[in-house]
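Undergrad: the following block contains a protein sequence and its predicted model.
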Amino acid sequence: MLSACQDEFKTTDSLCAAYPQLCEGLNNNDGQCRIQRTDLIWQRYKQMKTPTDIEKFHTLQYTRTYQGCLEYAAEIEPTRYKERKSNRATALVNSYEIVEQLTEELAGSQEPEIIYDRWSRGIHEAKAEFLKLEGSGKLQTPDLQLALASFYTDIDKDKTRKILLRALELYHGKNQIKPDIILTLATQAHQRGDKAEAYLWSRVGSLMGLPVAKAETLARLYPMPPEDKIHLDLQADNIIQSLSTGHFNSITVERNLNALPSLQAAPTSG
C-alpha cells in the first residue's frame, strides 16, 4: 500500500503533514503499534482517494487490527514518557468510536465481502443475504468461496469439496493460500475414508508448512502400495507448483486421483 502512494509522499510524516486528519486520534510518536498505525494511516489515505464501500471496509479492518494492538499496548507502562500511556488509552477509545462509526456506515452495503463480515459477526440477516449471492457470480474470490464453504461444511460434504477446489482455482499466484482450504480438504477426505485424497492434501499441507501429520504418521494412517505413494507425492508437488503460478485446475486433480497405479487394470496377455 505504501509503495502505491510513494510517488506523491515518501514518508508517513509527509503524508500526515499534508493531511493531518488522517493521523488524528492515534498514538503518534510512539513505538508501540507503529506498524499497525502506519498501515492504517495509508489505508485512510487510500480511502480518501477512492471513497468506495470496499476501501471503507478495508479501513475498518485496519482499524480493528490497530485496536487489537492498542488493547495490549495500553497496559504497558512506558519507562520514560508517562504521557504515552495516556495517549495509547485515548487512541484506543478513539478506535472503538471509529469502528462503531464505520460499521454503521457500512450496515447497508451490498458488497459481498462486507455482507459476509456482518454474518461472521453474528448478524443473522446477513447470512441469508450472503447465501442469496450463490450462483450470481459475485462470490468468485478465494475468500468468498471459503466463506460459502463454511456454510456447507456440516450439511453437504461433496458441495463443500467442490467449493473449496473452486477457491483454489481462483488464486492467481500472488496471494498466500488460506490454510483452512487445504486443511478442510484433507480432513473431509479422511472423514469419508478416501485415503488417497486425504494423503494428497495432507502432503500439500506439509509442503506448505501447515500443521499436518509428518510423513511417517501419514504412512501409518494411509497405507498404500509404494507406487501409489510415489504418484501422490508427485501430484502434491504439481499442486504446489500450479498454485504458485495461478494455474491450479480441479479437473487435473480428479484425473490424477483416478490414475493411481493400483487402480489401473493389469495388462492382458496376448
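TA: Looks like it arrived, so ask away. Residues are numbered from 1 along each chain as shown.
Undergrad: only C-alpha atoms from now on, for both contacts and neighbour counts.
TA: Noted.
Undergrad: now the helix or strand hosting Thr65: buried residues?
TA: Assigned by DSSP states H and E, Thr65 belongs to helix 53-73. Neighbour-count burial for helix 53-73, counted by 16 or more other Cα atoms under 10 Å, picks out 53-67, 69-70, 73.
Undergrad: ok, now stretch 101-112?
TA: For stretch 101-112, burial by neighbour count (16+ other Cα under 10 Å) applies to 102-103, 106, 112.
Undergrad: let's see which of these end up in helices.
TA: When DSSP state H defines the helices, the subset of the buried residues of stretch 101-112 inside them is 102-103, 112.
Undergrad: can you map out the helices along the stretch 51-200 of the chain?
TA: Taking DSSP state H, counting those that start in this stretch as the criterion, the stretch 51-200 of the chain carries its helices at 53-73, 83-105, 112-120, 124-131, 142-152, 157-169, 179-191, 195-207.
Undergrad: out of those helices, deepest packed?
TA: The highest average neighbour count among these, using mean count of other Cα atoms under 10 Å, belongs to helix 195-207 at a mean of 23.
Undergrad: counting by contacts, list what it packs against.
TA: Counting contacts by 3 or more Cα pairs under 8 Å, 6 or more residues apart in numbering; DSSP states H and E, helix 195-207 packs against helix 179-191, helix 215-221, helix 226-245.
Undergrad: go again using 10 Å as the cut-off
TA: Judged by 3 or more Cα pairs under 10 Å, 6 or more residues apart in numbering; DSSP states H and E, the packing partners of helix 195-207 are helix 179-191, helix 215-221, helix 226-245, helix 250-257.
Undergrad: in TSV, list the ones you listed along with mean pLDDT and distance to Thr90.
TA: Listed next are the helices and strands packed on helix 195-207 as TSV, based on pLDDT from 0 to 100; distance: least, Cα to Cα, whole Å:
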stretch	mean pLDDT	distance to Thr90
helix 179-191	96	36
helix 215-221	90	51
helix 226-245	96	43
helix 250-257	96	51
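Undergrad: pick the most buried one from the ones you listed.
TA: Greatest average neighbour count among the helices and strands packed on helix 195-207 goes to helix 179-191 (a mean of 19), per mean count of other Cα under 10 Å.
Undergrad: CA atoms of that one as PDB?
TA: Only the C-alpha atoms of helix 179-191 are listed here, as PDB (Å, rounded to 0.1, in the frame of the first residue of the first chain):
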ATOM      1  CA  PRO A 179      -4.600 -22.800   5.200                       C
ATOM      2  CA  ASP A 180      -8.200 -23.600   6.000                       C
ATOM      3  CA  ILE A 181      -8.900 -24.600   2.400                       C
ATOM      4  CA  ILE A 182      -6.100 -27.300   2.400                       C
ATOM      5  CA  LEU A 183      -6.800 -28.500   5.900                       C
ATOM      6  CA  THR A 184     -10.500 -28.900   5.300                       C
ATOM      7  CA  LEU A 185      -9.900 -30.800   2.100                       C
ATOM      8  CA  ALA A 186      -7.600 -33.200   4.000                       C
ATOM      9  CA  THR A 187      -9.900 -33.500   6.900                       C
ATOM     10  CA  GLN A 188     -13.000 -34.200   4.900                       C
ATOM     11  CA  ALA A 189     -11.200 -36.800   2.700                       C
ATOM     12  CA  HIS A 190     -10.100 -38.500   5.900                       C
ATOM     13  CA  GLN A 191     -13.600 -38.500   7.300                       C
END
